[in-house]
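[1] Predicted structure and sequence below. I'll ask about it afterward.
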Amino acid sequence: GSSAPLRVLICDEMNPGQLEFPGFEIEYEGNLPREETLRRLPEFDALITRSRTKVDRELIDAAGPRLKVIGRGGVGVDNIDLEYASLRGLLVLNAPESNNVSAAELAVMHLMAAARGLTVSDAKTRAGVWDRKFLGLELKDRTLGIIGLGRIGSMVADRAQGLRMKVVAYDPYVPDSKFERLGVERAATLDDLLARVDAVTVHTPLTDETRGMLGRAELAKLKKGAIAVNAARGGIIDEEALVEALESGHLFAAGVDVFVHEPPTPDHVFLRAPNLGITAHLGANTVEAQERVGAEIVGRVLAALHGDVSRGA
Ligand code: MLT
């Protein structure tokens, strides 16, 4: 009817797409400073973020009673205090599918870059050193170990098979039927996977179970000369342990898209390792993924708010 519009604040960088919907007022602020988000939040029915904004107790308390829905423009909800949000009766939604292809492609990019020494060769060539002695590794017939065979892990498996790699995965939450359908071998345990693979890539959410899942002891179980990739969440592969394994020569090379603390400080341990390819949490940053993510999360949030209104809540 003639009731006031429902208001949605988007406080992180994304492509929100269409913003005009009858009954709604959507405000897009690509990079809203945290203080501003906290100050303005009480005027909104929903907040949409990416991983930059920490939806913690402080933010939820600042919101006040009007806020009903928190939308995460992406997959991982580790930036949100889910327990506190649910205690406050907030509905938390994500966009679980829109950026999966982009994330998988970035992981494969890191795998290939590591195998061929991209970062070292790039740095040397720019410095005027023409080094053609470096020998990389061919991926064909090597074994890729995937930890977490969910949506993104499955896409990585498919692409690695396209490179004629053999794929083994460890994921206690996925049934045998899915492994069979994907033509992926199941590793019964994490140790079993680590012992068998030439490269490992992680595709799990960040939880208490996965934080530090690949630490010093686990990396030591990889074959000498293996490759490690983390395009999931900072800290699933322990940061110090990864750099030590690169520096000792146990690992051939590695690639990371994520840090425990983002952005990293200039003295971050990763910046010490030349054979570590680094990107700035860009897994979801493609033109295509951001178009889909914006549309998906705005659509889900509006539908939830709409349902809330029709239920008379
Ligand atoms: C995700 O979890 O989908 C990514 O972190 C997306 C993002 O970059 O916001």
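    Thanks, I have the structure now.
[2] When you work out contacts or count neighbours from here on, use the C-alpha atoms and nothing else.
    Fine.
[3] Report the next helix or strand after the helix or strand containing residue 7 in sequence order.
    Element membership of residue 7 [criterion: DSSP states H and E] is strand 6-10. Next along the chain after strand 6-10, taking DSSP H and E as the criterion, comes strand 24-28.
[4] export that next one as PDB, just CAs?
    The C-alpha coordinates for strand 24-28 follow below in PDB (Å, rounded to 0.1, in the frame of the first residue of the first chain):
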ATOM      1  CA  PHE A  24      12.200  -0.400  -1.900                       C
ATOM      2  CA  GLU A  25      14.900   2.200  -1.600                       C
ATOM      3  CA  ILE A  26      18.400   0.800  -2.200                       C
ATOM      4  CA  GLU A  27      21.400   2.900  -1.400                       C
ATOM      5  CA  TYR A  28      24.700   1.900  -2.900                       C
END
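[5] where does this structure come near the ligand, residue by residue?
    50, 51, 74, 75, 76, 284 (Cα under 6 Å from any ligand atom).
[6] Enumerate every residue touching the second one.
    Going back to what we said before, that points to residue 51. 72, 74, 76, 77, 79 (Cα atoms under 8 Å, 6 or more residues apart in numbering).
[7] on that earlier part again, in terms of secondary structure, what does the strand holding residue 7 contact?
    Helices and strands in packing contact with strand 6-10 are listed as strand 24-28, strand 46-49; criterion 3 or more Cα pairs under 8 Å, 6 or more residues apart in numbering; DSSP states H and E.
[8] Out of the ones you listed, indicate the one that is most buried.
    For the helices and strands packed on strand 6-10, the largest average neighbour count (mean count of other Cα atoms under 10 Å) is found in strand 46-49, namely a mean of 26.
[9] just to revisit the earlier point, looking at the helices and strands packed on strand 6-10, which is nearest to residue 275?
    Set against residue 275 and scored by Cα to Cα, those come closest in strand 46-49, at 32.9 Å.
[10] Strand partners (parallel or antiparallel) of the closest one?
    When pairing is defined by DSSP bridges, strand 46-49 lines up against strand 6-10 (parallel), strand 69-72 (parallel).
[11] Can you say which helix or strand has residue 167 in it?
    strand 166-170.
[12] Tell me which other helices or strands that strand touches.
    strand 143-147, helix 151-162, strand 185-186, helix 190-196.
[13] Turn these into CSV, including distance to residue 97 and mean neighbour count.
    Formatted as CSV, these follow (distance: least, Cα to Cα, whole Å; neighbours: other Cα atoms under 10 Å):
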stretch, distance to residue 97, mean neighbour count
strand 143-147, 18, 26
helix 151-162, 8, 20
strand 185-186, 24, 20
helix 190-196, 26, 19
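[14] I'd like those as JSON lines, with mean pLDDT appended.
    Formatted as JSON lines, the helices and strands packed on strand 166-170 follow (pLDDT from 0 to 100):
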{"stretch": "strand 143-147", "mean pLDDT": "99"}
{"stretch": "helix 151-162", "mean pLDDT": "98"}
{"stretch": "strand 185-186", "mean pLDDT": "98"}
{"stretch": "helix 190-196", "mean pLDDT": "98"}
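[15] Let me have the ones you listed in JSON lines, extended by distance to residue 93.
    Formatted as JSON lines, the helices and strands packed on strand 166-170 follow (distance: least, Cα to Cα, whole Å):
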{"stretch": "strand 143-147", "distance to residue 93": "25"}
{"stretch": "helix 151-162", "distance to residue 93": "17"}
{"stretch": "strand 185-186", "distance to residue 93": "31"}
{"stretch": "helix 190-196", "distance to residue 93": "30"}
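[16] Report the angle between the strand holding residue 167 and strand 143-147.
    Relative orientation of strand 166-170 versus strand 143-147 (axes from the mean of the first three to the mean of the last three Cα atoms, to 10 degrees): 20 degrees.
[17] Take the strands paired with strand 46-49 and lay them out in TSV including distance to residue 163.
    Output for these, formatted as TSV (distance: least, Cα to Cα, whole Å):
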stretch	distance to residue 163
strand 6-10	39
strand 69-72	33
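[18] Including mean neighbour count, could those strands go into CSV?
    Output for those, formatted as CSV (neighbours: other Cα atoms under 10 Å):
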stretch, mean neighbour count
strand 6-10, 23
strand 69-72, 26
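[19] Identify whichever of these lies nearest to residue 228.
    strand 69-72 (27.7 Å).
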